[in-house]
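> Predicted model and sequence below, questions to follow.
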Amino acid sequence: MIWMLQRAGFGPQVLSLTHALKHKETDRNPCLSHRDMSPEGLTMEESNRNLEEISDLALELQRQTAVKVLWVTCNLFAHQRYMNGAATNPDCHVLAYAGAQVKKGLDIAKKLGAENFVFWGGREGFLSIHNTDVAAELQHMANFFRMAVKYKEKIGLNCQFLIEPKPKEPCKHQYDYDAMSVIGFLKHYGLENHFKLNIEPNHTTLAGHSYEHDVVMASVFGMLGSVDSNTGSPDLGWDTDQFPMDIRNTTLVMKTIVEQGGLQPGGLNFDAKVRRESTDLEDLFISHIAAMDAFARGLRNAVRLIEDGLITAMVKERYSSFSHGLGLKVEKGSATLEDMEAFIKENGEPKVTSGKQEKYESIFNHYI
């Protein structure tokens with residue numbers, strides 16, 4: 001399997017992930033939030049001293065164990081100062097505090113050699129449109145990201161910037177609602193070359209999509225950078241952060257990752273926790289192992305599905321009318337409405353063609 005991934009263009013990090021999945025190793029690329037890593041002090045200076053002290057210890061442990069940091073993020077949502085947002089707060093004083101936190105977070109990311117830095121806008125949205133200037137807030141958020149890009153370049157931080165979409169909770173509406181919302185935002189403000197997306201499928205289902213939806217949509221636009229590979233209970237309607245156990249879901253995610261040639265420098269992060277009723281220490285180990293097994297099986301299924309090529313060939317045939325004649329002109333963007341009219345005058349009414357959804361689903365099930 002590792003040979004197949006090398007042939008598909010996967011880099012060392014993805015190959016090491018495959019090795020870990022196969023041998024049930026522990027996570028070699030942990031992720032951290034700066035406030036989870038060290039407590040917040042009474043002042044910014046005290047908070048920074050706390051972070052420096054604990055990151056010194058983390059750096060020493062890295063040297064001893066060769067463990068790398070997959071990504072670092074800053075908690076810009078838990079403290080009461082961020083109740084109305086961080087980068088989108090109506091008070092510039094709060095925005096400045098958030099900027100100072102991100103500056104320190106980027107310093108720590110460089111210190112620890114983080115391969116990614118994640119922006120999760122837990123409060124970047126609004127509860128009421130009546131007291132919100134949406135245009136101003138979006139512009140401020142874009143400018144905030146530009147400041148982060150400039151500082152990253154200034155300090156020579158070599159990592160990937162990621163934005164993690166989420167539709168709601170705690171805000172009624174968050175600006176980073178889903179993958180397409182974030183991609184549209186980045187392209188509108190000219191930031192698409194500086195950021196990719198960290199997709200959390202539990203957030204995808206909160207937005208009313210299927211588990212794999214945002215992974216696929218981000219990948220289509222070349223914007224899939226990493227995956228917080230948890231799951232939730234769609235019938236509950238909130239962020240439950242469960243370990244992924246559904247082989248169908250993991251197969252669809254891994255199929256997308258294989259098809260785009262890997263995730264590096266991103267990866268799969270188990271942003272998940274055991275259930276409240278799972279009270280034994282071994283439950284934490286079982287859940288990690290079971291989740292890794294689920295993605296390992298998903299990876300094997302995806303590789304077999306792609307190598308067999310049956311579904312790929314069926315999809316190609318379904319769109320075959322775009323490989324010649326008028327369809328090819330449409331594909332290349334050279335067709336006109338006059339061409340459309342002339343074609344219909346010559347060929348008349350199109351025949352109805354079945355989408356064969358049940359056939360596709362039946363074939364897919366053979367790989368699960």
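Perfect, thanks for sending it. Numbering: from 1, shown residues only.

> quick check: mean pLDDT across the lengthiest helix in the chain?
Longest helix of the chain, by residue count under DSSP state H: helix 281-308. Helix 281-308 shows an average pLDDT of 97 in the prediction.

> centre of the chain versus the following helix or strand past it, how much separation?
Remark: after helix 281-308, the chain's next helix or strand is helix 310-318, criterion DSSP states H and E. Centroid displacement of helix 310-318 relative to its chain, using CA atoms, centre = their mean, to the nearest Å, is 27 Å.

> again with stretch 126-141
24 Å.

> residues in contact with it?
85, 87-88, 90, 95, 121, 124, 171-173, 175, 185, 189 (CB atoms under 8 Å, 6 or more residues apart in numbering). Glycine gets a C-beta too; all of them are placed from N, C-alpha and C.

> Quick one: end-to-end distance for it.
13 Å (CA to CA, to the nearest Å).

> can you pull the buried residues of it?
Within stretch 126-141, the residues that count as buried by 16 or more other CB atoms under 10 Å are 126, 132, 137-138, 140-141.

> now swap in stretch 293-300 and tell me
293-300.

> In CSV: those, plus distance to A58.
As requested, the buried residues of stretch 293-300 are arranged in CSV below (distance: CB to CB, whole Å):
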residue, distance to A58
D293, 29
A294, 29
F295, 26
A296, 28
R297, 33
G298, 31
L299, 30
R300, 34
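
> ok, of the buried residues of stretch 126-141, which one's closest to G348?
L138 (47.4 Å; CB to CB).

> mind listing the strands for the protein?
31-33, 71-73, 116-119, 125-126, 160-163, 173-174, 195-199, 224-228, 268-269 (DSSP state E).

> Just name the most buried of the ones you listed.
Among the strands of the chain, strand 195-199 has the highest mean neighbour count (mean count of other CB atoms under 10 Å), at a mean of 28.

> Now do the helices in the stretch 51-200 of the chain.
92-112, 134-155, 179-188 (DSSP state H, counting those that start in this stretch).

> Save those helices as CSV, and put in mean pLDDT and distance to T73 too.
Below are the helices of the stretch 51-200 of the chain laid out as CSV (pLDDT from 0 to 100; distance: least, CB to CB, whole Å):
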stretch, mean pLDDT, distance to T73
helix 92-112, 97, 7
helix 134-155, 98, 12
helix 179-188, 98, 15
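
> now those as a markdown table including distance to E45?
Below are these laid out as a markdown table (distance: least, CB to CB, whole Å):
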| stretch | distance to E45 |
| --- | --- |
| helix 92-112 | 10 |
| helix 134-155 | 19 |
| helix 179-188 | 33 |
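
> low-scoring stretches of this structure, by residue?
Residues of the chain meeting the criterion pLDDT under 70: 1-28.

> T43 versus D308, what's the distance?
Distance, D308 to T43, using CB to CB, to the nearest Å: 61 Å.

> higher neighbour count, the two?
Neighbour count, other CB atoms under 10 Å: between D308 and T43, D308 has more, with 13 against 9.

> Count the neighbours of Q242 for me.
Should you count by other CB under 10 Å, Q242 turns out to have 18 residues around it.

> To clarify, my last question referred to H93.
Neighbours of H93 (other CB under 10 Å): 8.

> give me every residue that touches it.
So H93 contacts nothing (CB under 8 Å, 6+ apart).

> Report the separation between it and I363.
Taking CB to CB, one finds H93 at 58 Å from I363.

> How about D228?
Counting by CB to CB - D228 and I363 are separated by 29 Å.

> next one: A135
Taking CB to CB, one finds A135 at 47 Å from I363.

> got it, and R123?
In terms of CB to CB, R123 sits 44 Å off from I363.

> from the middle of its chain, how far away would stretch 157-164 be?
That offset, for stretch 157-164, works out to 11 Å (CA atoms, centre = their mean).

> now do the same end-to-end measure for it.
20 Å.

> Near F364, how many other residues are there?
Neighbours of F364 using other CB under 10 Å come to 17.

> next one: S320
10.

> check contacts around it.
Counting by CB under 8 Å, 6+ apart, S320 has no contacts.

> returning to what we had before: settle it for me: which of R123 and I363 has more neighbours?
For R123 versus I363, neighbours defined as other CB under 10 Å are more numerous around R123 (25 against 15).

> Outline the domain layout of this protein.
Domain assignment for the chain, taken from automatic domain parsing, gives 2-312, 322-365.

> Just name the most buried of those.
Stretch with highest mean neighbour count among those: domain 2-312 (a mean of 18; mean count of other CB under 10 Å).
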